[in-house]
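1. Okay, sequence plus prediction incoming.
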Amino acid sequence: MRFGVFLMSLSVLATTSIALAEPPAATLSPGFKFTEQTGETLYANVCQACHMSKGEGAVGAGRYPALANNESLKAGGYPIYAVLHGQKGMSPFGRMLSDDQVVAVVNYVRTHFGNNYTDAVTAQDVKDAR
């Protein structure tokens, strides 16, 4: 590429406005607790950044396992533990989520993305795992 064409390209890029969609973002209360209440909104605003919109997981700066069609989610205690205490590179979210929020997001993941584990986890299950 000739230098003049390169400079013209930079000029066009500098003056072009590109609208980018804002990704969902989790909201925190003053006590650093997530404010989302449903499993769907918690997943979209907290989990999706790593596990992707369809639960397909990702590999890049780290490895984020797929939640879609994931047999590890069959036992409800496993995802409860992972959400509360973290797992490998996953941060622990237990201090930022109420028991009901953990129930909501775990049950959401266990019944979406090709998962059909209908034995719902309960707030007591979460309380016991804390």
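-> It's in. Numbering: from 1, shown residues only.
2. can you give me the helices for this protein?
-> 3-15, 39-42, 48-51, 77-85, 99-110, 123-129 (DSSP state H).
3. what's the most buried one of those helices?
-> Most buried of the helices of the chain by mean neighbour count (mean count of other Cβ atoms under 10 Å) is helix 99-110; its value is a mean of 22. Where C-beta positions appear, they are placed from N, C-alpha and C, glycine not excepted.
4. could I get the helices of the chain as TSV with distance to residue 92?
-> Shown next, in TSV, are the helices of the chain (distance: least, Cβ to Cβ, whole Å):
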stretch	distance to residue 92
helix 3-15	42
helix 39-42	15
helix 48-51	14
helix 77-85	5
helix 99-110	11
helix 123-129	12
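5. so can I have TSV of these showing distance to residue 60 and mean pLDDT?
-> Shown next, in TSV, are these (distance: least, Cβ to Cβ, whole Å; pLDDT from 0 to 100):
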stretch	distance to residue 60	mean pLDDT
helix 3-15	25	46
helix 39-42	23	97
helix 48-51	10	94
helix 77-85	20	97
helix 99-110	21	98
helix 123-129	30	98
